[in-house]
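# quick one: sequence plus predicted model below, questions after.
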Amino acid sequence: MNILDWPEFQIAHVWILFFIVSIITMIFVILYYLNNIEKRIYIFFLSISKKKNFNIKEMELFLEFYHYYKQKYSLWKRIKEIRNKNILKQRLFEWYFDKLQYDKESTLSFMRILRHLLFKHHLLEIMSINDIEIYEPVVFFINEKRFSLGFVISIQGKHEKRMIINIFKPDILNQNKNKEAVIFFFRPTTGDYKLRVKYKIIKQDIIKVVPISDFEVVSFRFISTEKLFGSIVLKHKRLLFETSEIAFYTEKFSLKGIKIFPSINLKSELLSLLKEQNLNKINWDDYDVKIQITLENRSFSLDGTIKDIYKQEENCYLVLFNFTEEQANIKEIFMNFIKNHDPKIGDL
């Protein structure tokens, strides 16, 4: 055949071309469809995080679970499973024991994630054992290196109440002569709590615990939909001068202290006042500090100390303010505020 001759047209060529184009188109459609489903699964995990009011660390950890789940199980299997709470719970535990169980902070965050996802009651605070739910997750600490995830399986006693707890790593109990431990709990709208206990081993992984302290707030999670505003005044103990009221705003509270953002460079203001007294260095122990905050048209003042002031960005300064002592009305005010702004926590 002469290569310069134009090949004879045949209808079969059209059908072959049509078939090839159809296959390529179908492949692209399937890939687009699968990618779209994967995006929807990812958004499903994000929406759970938002719906349950995960903090940033919890959200990041929960998305680590998504990537683990994605790598280990096919798309079709995950499509079937993600709406089933019991199966998703099983996958969460697979991931925990595979990736997280030996890290303290990850174990605490995992316990919080479980509490967010699996419980709809007793979300506000823990005042006594009566606020503990059966099967709620806890972290059981002997010390910083010996800890275990566990579950409360029953609460016993009418007057002197005690809990029966199933722990996943019973070997942490070995060689602990005083049989004392600390148990960490979590509430989505208020934060972490700890309880000191004496324990007795009933079976290999089942222990009976008796409280030897009250529930103590470890961290306080304050959920606010808007910035809160106030003012701060610093009074020098020795030189008898004080600043005028300096406005600030804040977004997060803790029972131990708060981070505030003043409207001026407070450090520079103080240095100017000190130079008038022939001093050029700030010693925070020399100051009495008062801040005034208004919540829902109710004002209250807090006494405390400043740890330090940091420049964050242009015209933005961060002040770390610590309460001198826990004032009785702080918790009450914050709790009432949270009750009035309690986010609706829906089902998984």
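That came in fine, so what should we check first?
# so residue 203 sits in a strand?
No - secondary structure assignment places residue 203 outside any strand; it is coil (DSSP: H, G, I helix; E, B strand; the rest coil).
# what's the burial count for it?
8 (other Cβ atoms under 10 Å). No exception for glycine: its C-beta is placed from N, CA and C like everyone else's.
# again with residue 306
Close neighbours of residue 306, defined as other Cβ under 10 Å, add up to 22.
# now do the contacts for residue 99.
Shown in contact with residue 99 (Cβ atoms under 8 Å, 6 or more residues apart in numbering): 64, 68, 106.
# chain neighbours aside, what residue packs nearest to the last one?
Taking Cβ to Cβ, 6 or more residues apart in numbering, and ignoring the residues beside it in sequence, residue 106 has residue 100 as its nearest neighbour in space, at 4.1 Å.
# equivalent analysis for the second one, please.
Leaving aside its sequence neighbours, residue 68 sits nearest to residue 95 (Cβ to Cβ, 6+ apart; 4.9 Å).
# host element of that neighbour?
Assessed by DSSP states H and E, residue 95 sits inside helix 85-95.
# same check, this time on residue 105
Residue 105 is located in helix 104-118, with elements delineated by DSSP H and E.
# from the contact counts, what lies against the following helix or strand past that helix?
Per DSSP H and E, the first helix or strand lying C-terminal to helix 104-118 is strand 137-141. Packed against strand 137-141 by the contact rule (3 or more Cβ pairs under 8 Å, 6 or more residues apart in numbering; DSSP states H and E) you find helix 104-118, strand 147-156, strand 162-167, strand 180-187.
# surely residue 20 is in a helix?
Yes - counting by three-state DSSP, residue 20 is found in a helix.
# one step back: flag every buried residue along the helix holding residue 105.
Neighbour counts over helix 104-118 (16 or more other Cβ atoms under 10 Å) mark 106-117 as buried.
# any idea how far residue 188 is from the most centrally placed residue in the chain?
Residue closest to the average C-alpha location in the chain (Cα atoms, centre = their mean): residue 55, at 4.0 Å. Residue 55 sits at a distance of 10 Å from residue 188 (criterion: Cβ to Cβ, to the nearest Å).
# again, but for residue 71
Between residue 71 and residue 188 the computed distance is 29 Å (Cβ to Cβ).
# so these two - more neighbours on which side?
A side-by-side neighbour count of residue 71 and residue 188, using other Cβ under 10 Å, places residue 188 first with 23 against 7.
# check the contact between that one and residue 53; I expect there is one.
Yes - with contact defined as Cβ atoms under 8 Å, residue 188 reaches residue 53; the gap is 6.2 Å.
# so where's this structure uncertain?
By pLDDT under 70, the low-scoring segments of the chain are 1-15, 17-18, 22, 25-35, 220-226, 251-257, 295-298, 311-316, 324-348.
# now do the longest strand along the chain: which elements does it pack against?
Ranked by residue count and defined by DSSP state E, the top strand of the chain is strand 298-313. Under the contact criterion of 3+ Cβ pairs under 8 Å, 6+ apart, strand 298-313 touches strand 257-262, strand 287-295, strand 316-323, helix 328-340.
# need the contact partners of the shortest one.
Just to be clear, that refers to strand 257-262. Contacts of strand 257-262 (Cβ under 8 Å, 6+ apart): 230, 232, 246-252, 291, 304, 307, 312, 316-323.
# and the buried ones among the residues you listed, selectable in PyMOL?
Remark: buried members of those, expressed as a PyMOL selection using 16+ other Cβ under 10 Å:
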select buried, resi 230+232+246+248+250+291+304+317+319+321+323
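# count the residues that sit near residue 148.
Applying other Cβ under 10 Å, I find that residue 148 has 22 neighbouring residues.
# partners of it in the sheet?
For residue 148, the beta-bridge partners under DSSP bridges are residue 140.
# what sits against it?
139-140, 167-170, 172.
# before I go, just wanted to say thanks for your time.
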